[in-house]
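> got a structure for you, letters missing:
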Ligand code: HEC
């Protein structure tokens, strides 16, 4: 019983931390118009679909796909692996990427 409650509390704490807003300042250095695509609404959006942004070739070639969780995760964990030669260089751990994706989904 006690152990059960403790486990629940721990799970709640972990959930709270995971949903805390990740630091976007490193992203915003680039993700400010006109240079970078807006991060508002990017989750679920078609890849490379903001008309005013001059996307790199590799992302343009993927524009038939959307920013699903899996694509965002792959991109945020190794942006140069997902989009070689593009100007964005980000390498997050899996948990950082998951927290960032959860946060991006709250931006509209
Ligand atoms: C060095 C500058 C830079 C930084 C730092 C950066 N980005 Fe980017 N990002 C870009 C550019 C430029 C693009 C457009 C693709 C290209 O041309 O390389 C892009 C594209 C994206 C896209 C795809 C957008 C679309 O419309 O298809 C996502 C998602 C993204 N970045 C998320 C992030 C997140 C989250 C962070 C912070 C952890 C971040 N970026 C940090 C420059 C940056």
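Perfect, I can see it now. Just so you know, these numbers come straight off a predicted model, no measurement behind them. Numbers count the residues shown, from 1 in each chain.

> so which residues on the chain come close to the ligand?
26-27, 29-31, 36-37, 39, 42, 47-50, 55-56, 59, 67, 72, 76, 86-90, 100 (CB under 6 Å from any ligand atom). Using the backbone N, CA and C atoms, a C-beta is placed for each residue, glycine as well.

> which ones among those residues lie within helices?
26, 27, 59, 72, 76, 100 (DSSP state H).

> show me which of those are buried.
Among these, those classed as buried by 16 or more other CB atoms under 10 Å are 27, 59, 72, 76, 100.

> spatially nearest residue to the second one (excluding sequence neighbours)?
It refers to residue 59. In space, and not counting its chain neighbours, residue 59 is closest to residue 48: 4.3 Å by CB to CB, 6 or more residues apart in numbering.

> quick one: pLDDT of the one you found?
In this model, residue 48 is scored at 97, pLDDT.

> next one: residue 28
Note for residue 28: predicted pLDDT of 89.

> quick revisit: select only the buried ones of the residues of the chain next to the ligand in PyMOL?
Those of the residues of the chain next to the ligand that count as buried under 16+ other CB under 10 Å are selected in PyMOL with:
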select buried, resi 27+31+36+37+39+42+47+48+55+59+67+72+76+86+88+90+100
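
> any idea which helix or strand in the chain has the lowest mean pLDDT?
Least confident helix or strand, the chain: helix 2-19 with a mean of 50, by mean pLDDT, DSSP states H and E.

> ok, back up a step: just put the buried ones among the ones in helices among the residues of the chain next to the ligand in TSV and tack on distance to residue 106.
TSV is the format used below for these (distance: CB to CB, whole Å):
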residue	distance to residue 106
27	14
59	23
72	14
76	16
100	11
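
> what two of those residues are the furthest from one another?
Within these, two members stand farthest from each other by CB to CB: 59 and 100, at 17.8 Å.

> of the ones in helices among the residues of the chain next to the ligand, closest to the ligand?
Comparing those against the ligand with CB to the nearest ligand atom places residue 27 closest, at 2.8 Å.

> pull the contacting residues for the closest one.
Contact analysis of residue 27 by CB atoms under 8 Å, 6 or more residues apart in numbering lists 39, 90.
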